[in-house]
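1. what follows is a predicted protein model with its sequence.
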Amino acid sequence: MRRTGERLRAPAAGQAAGVVRAAAASLASVLTPELLERIRSRAPRYDRENAFFWEDLDELRSAGHLAPRSLLETARDQRLLAAHAPATALAVNMHLVWAGVARVLADRGDDSLAWVLEEARAGELFAFGNSEAGNDLVLWDSLTRAEPTGDGGYAFTGTKIFTSLSPAWTRLGVFGRHGDELVHGFLTRETPGWRALDDWDTLGMRATQSSTTVLEGAVVPAERIARRLPVGPNADPFVFGIFASFLLLIASVYAGIGDRALELAVESARRRTSLRTGRTYAQDPDIRWRLADAAIALDALAPQIESLAADVDVLADHGAGWFRLLTGVKHRSTETARHVVDQAMRVAGGSAYASASELSRLQRDVLAGVYHPSDTESVHATVAASLVGPLEG
């Protein structure tokens, strides 16, 4: 078992390249066209009724999409799923992140979360209970209290926001502060001392049902305590696993939204006819420019998302550069998706403004990318620090 905080080592360059080629050749989606079309057909109803995606969840579990796989496989399928149902993809992302963290550790010789992989394979559903209102330090500190129970466990008291999968999770990852330590662990749904508020009524991503979770002394036993880390930035592989899995899978979801928006824009341009020219808008130079502009921006995402996901899978070592790369790709993907959806709305014309329009729903869903960590300011601060060092004094 690898020691906590040990440096992430890379295989030799030739070995890494061979692993990537072999992995790419063997990748196969578990999401069939028939499954994806059923999922797409339900998305408008979930959004309209502000309802959880129970049917999608059952089918995705049966298809094997929630089982642990390589990060590259998962990222590709998440992009595909998001092009059909963004809210469903965003919600299951949270489960897939925890599976990704456990796999990152296992691949690096740390079996402390082997039970997460086992339970994910057995059908348990993992969710994130980390976000807190007013906590702009994200994983570096917590407003939640973690009090020792005397037997190696901790009782957590605090309020967590944006708890996706709120109606369905069976395992909830939480963290809180005790003294100068941050304690990470996993609740089971049967654990007393927590409650979910019925407060999810948002502009977009409605099917995620990311309700607020109130922890009132909920106890995580010793065997489900994942890490005890010092307050502040930390290079522990557990933290790296969270950042790598979360940021790359978030990037994949928003890239998928962009894919679908461009597809709808092309369909609209071919369908609509100009009264002035008598030709379809696909022949209009301005429309063609907008479509090309959106496609050029979107084409840049796959190489970066997939190469970084493959690097995580093969234990590539970017050292301190990892956080610049990971936060950068999340920022680029969410901002690109917003730009592509905006161009698609302009191409489609006034019909896209109707609430029943799929593009209208994509416009609302894509805005959620602004609120996922790392935010725009944090990303630029991270990249600036990698270039010219930290701010002085």
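-> Yep, that arrived. Numbers count the residues shown, from 1 in each chain.
2. CA only for contacts and neighbour counts going forward, please
-> Fine.
3. what about the longest helix along the chain, distance to the chain center?
-> In the chain, with assignment by DSSP state H, the single longest helix is helix 237-271. The chain centroid and the centroid of helix 237-271 are separated by 9 Å under CA atoms, centre = their mean, to the nearest Å.
4. give me the helices and strands touching that helix, please.
-> Here helix 237-271 touches helix 71-82, helix 86-107, helix 285-299, helix 301-313, helix 321-348, helix 358-366, going by 3 or more CA pairs under 8 Å, 6 or more residues apart in numbering; DSSP states H and E.
5. 6 Å instead?
-> helix 71-82, helix 86-107, helix 321-348 (3 or more CA pairs under 6 Å, 6 or more residues apart in numbering; DSSP states H and E).
6. turn those helices into a markdown table, including mean pLDDT.
-> Shown next, in a markdown table, are those (pLDDT from 0 to 100):
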| stretch | mean pLDDT |
| --- | --- |
| helix 71-82 | 98 |
| helix 86-107 | 98 |
| helix 321-348 | 97 |
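7. in three-state terms, label the nearest residue to residue 186 once chain neighbours are set aside for me.
-> Distances taken as CA to CA, 6 or more residues apart in numbering put residue 173 closest to residue 186, at 4.4 Å, once the chain neighbours are dropped. Counting by DSSP: H, G, I helix; E, B strand; the rest coil, the backbone at residue 173 sits in strand.
8. same thing with residue 132?
-> coil.
9. check the one 4 residues further on too.
-> Reducing the assignment to helix, strand or coil with three-state DSSP, the entry for residue 136 is coil.
10. any idea how far residue 334 is from it?
-> To residue 334, residue 136 is 19 Å away according to CA to CA, to the nearest Å.
11. surely the residue nearest to residue 186 and residue 129 touch.
-> Yes: between residue 173 and residue 129 there is a contact under CA atoms under 6 Å: 5.4 Å.
12. neighbour count: the two, which is higher?
-> residue 129 (26 against 21; other CA atoms under 10 Å).
13. for the more buried one, give the beta-bridge partners.
-> residue 174 (DSSP bridges).
14. quick one: contacts for it?
-> Going by CA atoms under 6 Å, 6 or more residues apart in numbering, residue 129 touches 160, 163, 173-174.
15. ok, and the most crowded of these?
-> residue 163 (25 neighbours).
16. that one contacts residue 210, doesn't it?
-> Yes: between residue 163 and residue 210 there is a contact under CA under 6 Å: 4.4 Å.
17. would you confirm that residue 218 belongs to a helix?
-> No: using three-state DSSP, the secondary structure at residue 218 is strand, not a helix.
18. what's the burial count for it?
-> Other residues close to residue 218 by other CA under 10 Å number 20.
19. so it makes contact with residue 190?
-> No: the pair residue 218 / residue 190 is not scored as a contact, 10.3 Å apart, by CA under 6 Å.
20. for the spatially most central residue of the chain, give its distance to residue 82.
-> Residue closest to the average C-alpha location in the chain (CA atoms, centre = their mean): residue 250, at 3.1 Å. Relative to residue 82, residue 250 is positioned 10 Å away (CA to CA).
21. how about residue 135?
-> 28 Å.
22. these two: which is more packed in?
-> Each of residue 135 and residue 82 has its neighbours counted (other CA under 10 Å); residue 82 has more, 24 against 13.
23. quick check: that one touching residue 258?
-> No: between residue 82 and residue 258 there is no contact under CA under 6 Å: 9.2 Å.
24. buried sites along stretch 30-43?
-> 31, 36, 39-40, 43 (16 or more other CA atoms under 10 Å).
25. please work out the average pLDDT along it.
-> Stretch 30-43 carries an average pLDDT of 98.
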